[in-house]
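J.: no sequence on this one, just coordinates:
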């Protein structure tokens, strides 16, 4: 067998025959990423030199082609075409059944907050009626806010009732490090979706707080991006505002906002970014209408906690939205 053919059979996968052409360790990775894993992990010991794009039939890589970068979600592509295949599959995964431009609409719990407060004997029927009348007369505001404003209810009781309503804990801001939490996600998410990362506990659990609801979709995406287990909970209004202000004042990962016409254009744009930046690691997730791409340019950009950044250097965030039709 010619030398080139032997090298090809040992190093490069042949479409339709992964078990015969990949070593066992790489074959397992191939199965996880190409067959059924919806969100492949970001490995620290990245394996390069073997194209991970399904259907790649290229046995020859140009001598000047970088065999270690770019890495997209733990996988390397041998050509622009193969990289775009990997990216397009990830974009399709994140688009999912919700469509291309699903707007954010917070889920409203079925059990009215007033009934929860009544059940705990924290308010009276007269207080609830007064708050409801004020809400209807003004046409805006949360019932909890009116109970605090009109009836003098302790805001902490309202937050505790919300925790019962959502079945989640009420957090404190103890141990908050604004400079660290500012690196978790783009500040736009904190402002637009009412999210505040509070701290990392037990080495692998990220506490994510909201004021009055639980955003499960955002929590899942942040969990996938950070490789940490996200624990969701609530903060009372005063502590939430204080924590968010402190985090917003800290330095964050550099951010670029872009609008693209459709998902095909998005896949092409991400592919070009990968070839320009040559990142060591990349992750794409979707939070409501935003496609969030984070790229790590050097190994020093990783901290020792999940995939959280160590600082603001050698890392970049991109937020893509689809143009309104």
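T.: In hand now; what should we look at? Computed from a prediction, not measured in an experiment: that's the story for all the values here. Residues are numbered from 1 along each chain as shown.
J.: sec struct for residue 57, please.
T.: coil (DSSP: H, G, I helix; E, B strand; the rest coil).
J.: err, residue 307, not the other one
T.: Taken by three-state DSSP, the conformation at residue 307 corresponds to coil.
J.: Run through the residues that contact it.
T.: The neighbours of residue 307, taking C-beta atoms under 8 Å, 6 or more residues apart in numbering as the test, are 42, 225, 226, 227, 281, 283, 296. Any C-beta I mention is one placed from the backbone N, CA and C, and that applies to glycine too.
J.: What separation is there between it and residue 273?
T.: From residue 307 across to residue 273, the span is 18 Å (C-beta to C-beta, to the nearest Å).
J.: returning to what we had before: which of the contacts of residue 307 has the most neighbours?
T.: Highest neighbour count within the contacts of residue 307, by other C-beta atoms under 10 Å: residue 226, with 26 neighbours.
J.: For it, which non-adjacent residue is spatially closest?
T.: Nearest residue to residue 226, sequence neighbours excluded (C-beta to C-beta, 6 or more residues apart in numbering): residue 306, at 4.7 Å.
J.: State the distance from that neighbour to residue 238.
T.: The gap separating residue 306 from residue 238 is 29 Å, by C-beta to C-beta.
J.: With residue 125 instead?
T.: Distance from residue 125 to residue 238, by C-beta to C-beta: 27 Å.
J.: Those two: who's more crowded?
T.: Higher neighbour count among residue 125 and residue 238: residue 238, with 12 against 9, using other C-beta under 10 Å.
J.: Excluding residues flanking it in the chain, which one is nearest the more buried one?
T.: Per C-beta to C-beta, 6+ apart, closest to residue 238 is residue 155, 6.9 Å.
J.: helix or strand for residue 162, which one?
T.: When elements are assigned from DSSP states H and E, residue 162 belongs to helix 155-166.
J.: and residue 148, how many neighbours?
T.: Applying other C-beta under 10 Å, we find 17 other residues in the vicinity of residue 148.
J.: and the one helix or strand residue 319 maps to, which strands flank it?
T.: Residue 319 belongs to strand 315-322 when assigned by DSSP H and E. Here strand 315-322 has these sheet partners by DSSP bridges: strand 255-260 (parallel), strand 290-296 (antiparallel).
J.: ranges for the helices of the stretch 101-250 of the chain?
T.: Taking DSSP state H, counting those that start in this stretch as the criterion, the stretch 101-250 of the chain carries its helices at 113-119, 125-138, 143-151, 155-166, 178-181, 187-193, 216-226, 237-248.
J.: Nearest approach to residue 88 belongs to which of these?
T.: With distances scored as C-beta to C-beta, the stretch of the helices of the stretch 101-250 of the chain nearest to residue 88 is helix 216-226 (18.4 Å).
J.: average pLDDT across that closest one?
T.: Averaging pLDDT along helix 216-226 yields 96.
J.: Pull out the buried positions in it.
T.: By 16 or more other C-beta atoms under 10 Å, the buried positions in helix 216-226 come out as 217, 218, 219, 221, 222, 223, 224, 225, 226.
J.: Can you check what angle separates it from strand 315-322?
T.: 140 degrees (axes from the mean of the first three to the mean of the last three C-alpha atoms, to 10 degrees).
J.: What is helix 216-226 packed up against?
T.: Counting contacts by 3 or more C-beta pairs under 8 Å, 6 or more residues apart in numbering; DSSP states H and E, helix 216-226 is packed against strand 205-210, strand 229-234, strand 281-287, strand 290-296.
J.: Give me the contacts around the second one.
T.: Contacts with strand 229-234, where a contact means C-beta under 8 Å, 6+ apart, come from 159, 162-163, 166, 168-171, 201, 204-212, 214-216, 219-220, 222-223.
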